[in-house]
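K.L.:
Here is a sequence with its predicted model. Questions after.
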Amino acid sequence: DAGVIQSPRHEVTEMGQEVTLRCKPISGHNSLFWYRQTMMRGLELLIYFNNNVPIDDSGMPEDRFSAKMPNASFSTLKIQPSEPRDSAVYFCASSLISSGANVLTFGAGSRLTVL
Amino acid sequence: SQKIEQNSEALNIQEGKTATLTCNYTNYSPAYLQWYRQDPGRGPVFLLLIRENEKEKRKERLKVTFDTTLKQSLFHITASQPADSATYLCALGRWSGGGADGLTFGKGTHLIIQP
């Protein structure tokens, strides 16, 4: 398996533009997570899905952020409109629950810069 | 609110010595604790998991301890090598009955092994 695949790896955009980040989880995994990482705040959980259903989106900063998982092999995180404070590395991770413990496999991340 | 603390300053260790990293938490009752390694420009990679009823876990040169009374985990790398230089993150989680639950991560400790 190629692992968790994220695109784009780097995105530079201007304030006010729409940004869409994409994720392909590991085949067979049934849970998907979106995290955001900054120096100040570390890794923050934004939202996660179980069997394509959003379970907890309490980490989504504001209504400008939205996430979808239309099927088991694809998810998107959208920011509209983007702001400079959204600049961060966004990670997607997937997992298959084993014995009740959640071990995450992360993608390489999407580095977003909003000017 | 939940809080996970890891040494924010970089830890410099001489090659061949044992590196010990600390993870403390408050306002949380985790069922298990995990350690991840993160290299620059990459996503975190899972290393070890230890359950609440376990005191110690080992994997090759790695050892993790978990003290739920002290609310602390120690992560040891014995016979450290320059290739062990990276940022190490601890993460807390709870057992999931059906689907996954999001992990809460510390900000990580940057470990530097000096040759």
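P.N.:
Everything's here; your move.

K.L.:
I'd say residue B:73 and residue B:57 touch.
P.N.:
No. Checked against Cβ atoms under 8 Å, the pair residue B:73 and residue B:57 is beyond contact range at 10.0 Å. All C-beta spots, glycine's among them, are computed from the backbone N, C-alpha and C.

K.L.:
Give me the more crowded residue out of those two.
P.N.:
Taking neighbours as other Cβ atoms under 10 Å in any protein chain shown, residue B:73 and residue B:57 compare with residue B:73 leading, 26 against 16.

K.L.:
So the residue nearest to the spatial centre of chain A: helix, strand or coil?
P.N.:
Centroid-nearest residue in chain A: residue A:34, 3.0 Å away (criterion: Cα atoms, centre = their mean). Assigned state for residue A:34: strand (three-state reduction, DSSP: H, G, I helix; E, B strand; the rest coil).

K.L.:
who touches the closest residue to it other than its chain neighbours in this structure?
P.N.:
Setting aside the residues directly before and after it, residue A:34 is nearest to residue A:46 in space (Cβ to Cβ, 6 or more residues apart in numbering or on different chains), at 4.4 Å. Residues in contact with residue A:46 (Cβ atoms under 8 Å, 6 or more residues apart in numbering or on different chains) are A:34, A:35, A:36, A:57, A:59, A:60, A:61, A:65, A:67, A:77.

K.L.:
Repeat that for residue B:81.
P.N.:
Neighbours of residue B:81 in contact, by Cβ under 8 Å, 6+ apart: B:15, B:113.

K.L.:
Tell me the spacing between it and residue B:61.
P.N.:
9 Å (Cβ to Cβ, to the nearest Å).

K.L.:
With residue A:45 instead?
P.N.:
Separation of residue A:45 from residue B:61 (Cβ to Cβ): 30 Å.

K.L.:
Of these two, give the one with the bigger neighbour count.
P.N.:
A count of neighbours by other Cβ under 10 Å puts residue A:45 above the other of residue A:45 and residue B:61, at 20 against 14.

K.L.:
I'd say the more buried one and residue B:104 touch.
P.N.:
Yes. Counting by Cβ under 8 Å, residue A:45 does reach residue B:104; the two are 7.1 Å apart.

K.L.:
In three-state terms, label residue A:17 for me.
P.N.:
Following three-state DSSP, the label given to residue A:17 is coil.

K.L.:
Now do the contacts for the closest residue to it other than its chain neighbours.
P.N.:
Distances taken as Cβ to Cβ, 6+ apart place residue A:82 nearest to residue A:17, at 5.5 Å, with adjacent residues excluded. With contact set as Cβ under 8 Å, 6+ apart, residue A:82 has these partners: A:13, A:14, A:15, A:16, A:17, A:18, A:19, A:64, A:112, A:114.

K.L.:
Residue A:82 and chain B, how far apart?
P.N.:
Going from residue A:82 to chain B by Cβ to the nearest Cβ, to the nearest Å gives 22 Å.
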